[in-house]
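Undergrad: Show me the folded form of this:
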Amino acid sequence: MSDFLSNPANVQEDRPEISALAHTVVSLMQDNTKRKVERHLQAMTDHLVLRVRAPGPFAADKLVSELLSDGLHADDLIDVCIPAAARVLGAMWCEDQLNFAEVTIGSARLQGLLSLLAPPWSVPSDGDSEPAIAIVLPDGETHTLGVHVITAQLRRKNASVRLLFGPTTATLLRILRNDPFDGVFFSCTRKSKLPAIAEMMTRIKSSFTRPPALILGGLALTSAEKEAKASRADLVTDNALAAFEFCRRRMKTDPPKVR
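TA: Modelled structure (predicted):
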């Protein structure tokens, strides 16, 4: 019976009603498993929010051990639970359920968890074949948790990642001339920062014969999608892994070159 359910293709072709039933049963089993996983991740996210909001000392290493021992993988925490917990904190602030200090402390604790879960920056890539990425957070931006999540995701892919906080255009151009970055990710959480980012992109493209891939992402995309798409970005996305794959393809066919 177990073989019948797990391998519905083995059912005799002259019994289509049985084959259809087997496919239905397998589909239901997969859906139930998916919902169970989603419920577990939601429960762990809720627990995470409670712990980072709790008063008193905070032991990040102890909390990570608890979550991992409860069946979670580090990737689950980085990709799902920590970003979801950050969104909950932000929503609670918008609804005046938390004050700025409480949100700041909670976000800092979430970022501390990332430092324990993410691969160290010194981990070498396999044969140095993966993209080198610079992530730019514009001057004046105070929300750093998102870029640290992206950094952890990309380093897990063996990408070399460097975070740049508030660089001037001149500083960014100097860095790109000295280091062969394959992609530059601009994280924009506020619409007001888009013109300055667009100007940086224009300067980069005019300074390189073949500039690195320029990617634009961040919370501002939800409120300024039209303006974001009108920038000089090669790709506008909030999916860090999609941006990574874009850079991989670009580095193989059209590597960056300074004028």
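
Undergrad: I'd like to know how many residues surround the nearest residue to P83 once chain neighbours are set aside.
TA: Nearest residue to P83, sequence neighbours excluded (C-beta to C-beta, 6 or more residues apart in numbering): V149, at 5.7 Å. The C-beta positions use only the backbone N, C-alpha and C, and glycine is treated the same way. Using other C-beta atoms under 10 Å, V149 has 20 other residues around it.

Undergrad: tell me which element V149 is part of?
TA: Taking DSSP states H and E as the definition, V149 sits inside helix 145-156.

Undergrad: Output that helix as CSV, nothing but the C-alphas.
TA: C-alpha atoms of helix 145-156 as CSV (Å, rounded to 0.1, in the frame of the first residue of the first chain):
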residue,chain,number,x,y,z
LEU,A,145,18.5,44.2,9.7
GLY,A,146,17.3,43.6,6.1
VAL,A,147,20.8,44.0,4.6
HIS,A,148,22.2,41.7,7.2
VAL,A,149,19.6,39.0,6.3
ILE,A,150,20.5,39.4,2.6
THR,A,151,24.2,39.2,3.5
ALA,A,152,23.6,35.9,5.3
GLN,A,153,21.6,34.5,2.4
LEU,A,154,24.3,35.4,-0.1
ARG,A,155,27.2,34.1,1.9
ARG,A,156,25.4,30.8,2.3
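
Undergrad: Output the contacting helices and strands for it.
TA: helix 82-94, helix 100-117, strand 132-137, strand 160-165, strand 183-187, helix 240-253 (3 or more C-beta pairs under 8 Å, 6 or more residues apart in numbering; DSSP states H and E).

Undergrad: try 6 Å
TA: helix 100-117, strand 132-137, strand 160-165, helix 240-253 (3 or more C-beta pairs under 6 Å, 6 or more residues apart in numbering; DSSP states H and E).

Undergrad: relative to strand 160-165, how tilted is it?
TA: 170 degrees (axes from the mean of the first three to the mean of the last three C-alpha atoms, to 10 degrees).

Undergrad: Now do the buried residues in helix 145-156.
TA: The neighbour-count check on helix 145-156 (16 or more other C-beta atoms under 10 Å) flags 145-156 as buried.

Undergrad: Considering those, which is situated nearest to M251?
TA: L154 (13.6 Å; C-beta to C-beta).

Undergrad: what's the nearest residue to the closest one if we skip its chain neighbours?
TA: V161 (5.1 Å).

Undergrad: And the helix or strand in which D75 is found, what's buried?
TA: Assigned by DSSP H and E, D75 belongs to helix 74-76. The neighbour-count check on helix 74-76 (16+ other C-beta under 10 Å) flags 74, 76 as buried.
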